[in-house]
Every structure is written in C-alpha cells, then in structure tokens.
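Visitor: sequence unavailable; structure follows:
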C-alpha cells in the first residue's frame, strides 16, 4: 500500500531523471535544429545593423528638416522614429544573442552527449522564448493602447469642438 505522503511518481518508461538519459533521437533533433537556430540568430544581428542604419538616417534627416519646405513631417517625428528604431535594434540584438547561445549550447551537446549540455541548451532556448513572449505581450498592450487612443482622441477632440463635426 502506498503512503499518502509520498511524492507522486510519473509512469513514464523512457525518462530517467537521476541519470539524465539522452536518446539518439534527442541528439538528432538538436543536430537538425542547430543550423537553423544559428541562421536566425545571425539574421537578427544583420537586422539590428540595418535598423541602426535606418535610425541614423532618420535622425540625420530630422536635422535637415529646418531647411525643408512647409508640409514636410516635423523633425521631432523623425527623431522619435529614429529612437524607436534604436530600441528595436537592441531587441534584435538580445534575441539574436539568445539564439546564438542556444546554437552554441547545442554544439557542446553534440560534442559531449552529456545531460548537463542538454540542460544548458534547453535553458538557453527557454531564455529566448521567455524574452520573445514578454516582448509579444508588451506589443499586444501597446497595440490595445494605440487602438483605444485612435478611437478616444478624435472622439474627445470632436466633443470639445477642436475639430468640426460632420453634418
């Protein structure tokens, strides 16, 4: 008879928690993932570089706005967009770093076949997905705020008489 106070046990036959068994299928799955992870990590760095270039061009363009004709977008708008692009480039760098670290951990796992290297690879993958998830949640919140603002601000301006109402 089992004790009610004993910890629960999983009825999984192919997992040995104490020994940390790694199967050949696990190694092959990681081997098939490594090059794709590295590719996306490098592409993140390239995207960050292009985003920085775009940010610098916007900021340079904003400094030229004092000489531009009337009707051009305000210089502050381009400066703000450039700053936002710099923030986006930092996000790309951090996501790329997590992916490159993950690919490196997979390389160590393929060389050693040790459970500690598998744990490191999975931990690096966890860090990437945690950051990606947090960023996705932030984007959703920003989008919702933007949608509410896009509805509320014109409505408020129409009610206050700042913009004429259609007849």
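Guide: Sure thing, it's come through. Only a predicted model underlies this, so the values are computations on that prediction, with no experimental measurement involved.
Visitor: can you pull out the helices in this protein?
Guide: Assigned by DSSP state H, the helices in the chain fall at 24-63, 75-112, 115-160.
Visitor: okay, those helices, which one's buried deepest?
Guide: Sort the helices of the chain by mean neighbour count, taking mean count of other C-beta atoms under 10 Å, and helix 75-112 sits at the top with a mean of 18. Yep, even glycine has a C-beta here, placed from its N, CA and C like the rest.
Visitor: list the contacts for the residue positioned nearest the centre of the chain?
Guide: Nearest to the centroid of the C-alpha atoms of the chain, with distances taken as C-alpha atoms, centre = their mean, sits residue 132, at 3.6 Å. Residues counted as contacts of residue 132 (C-beta atoms under 8 Å, 6 or more residues apart in numbering) are residue 95.
Visitor: separation between it and residue 48?
Guide: Distance of residue 132 to residue 48, computed by C-beta to C-beta, to the nearest Å: 15 Å.
Visitor: enumerate every residue touching the residue nearest to residue 26 when sequence neighbours are not counted.
Guide: Nearest non-adjacent residue to residue 26, counting by C-beta to C-beta, 6 or more residues apart in numbering: residue 118, 7.0 Å away. Residue 118 sits next to 20, 22, 26, 30, 109 when contact means C-beta under 8 Å, 6+ apart.
Visitor: now with 10 Å?
Guide: Going by C-beta atoms under 10 Å, 6 or more residues apart in numbering, residue 118 touches 20, 21, 22, 26, 27, 30, 105, 106, 108, 109, 112.
Visitor: over to residue 100?
Guide: 37, 38, 40, 41, 42, 44, 45, 124, 128.
Visitor: check what pLDDT it gets.
Guide: Looking at residue 100, its pLDDT is 97.
Visitor: equivalent analysis for residue 54, please.
Guide: Looking at residue 54, its pLDDT is 94.
Visitor: any idea how far it lies from residue 23?
Guide: Distance from residue 54 to residue 23, by C-beta to C-beta: 46 Å.
Visitor: and residue 148, by the same measure?
Guide: Where residue 23 is concerned, residue 148 sits at a distance of 50 Å (C-beta to C-beta).
Visitor: residue 141 too?
Guide: For residue 141, the distance to residue 23 - C-beta to C-beta - is 41 Å.
Visitor: next up, the contacts around residue 59.
Guide: With C-beta under 10 Å, 6+ apart, residue 59 has these contacts: 75, 78, 79, 80, 81, 82, 83, 85, 86.
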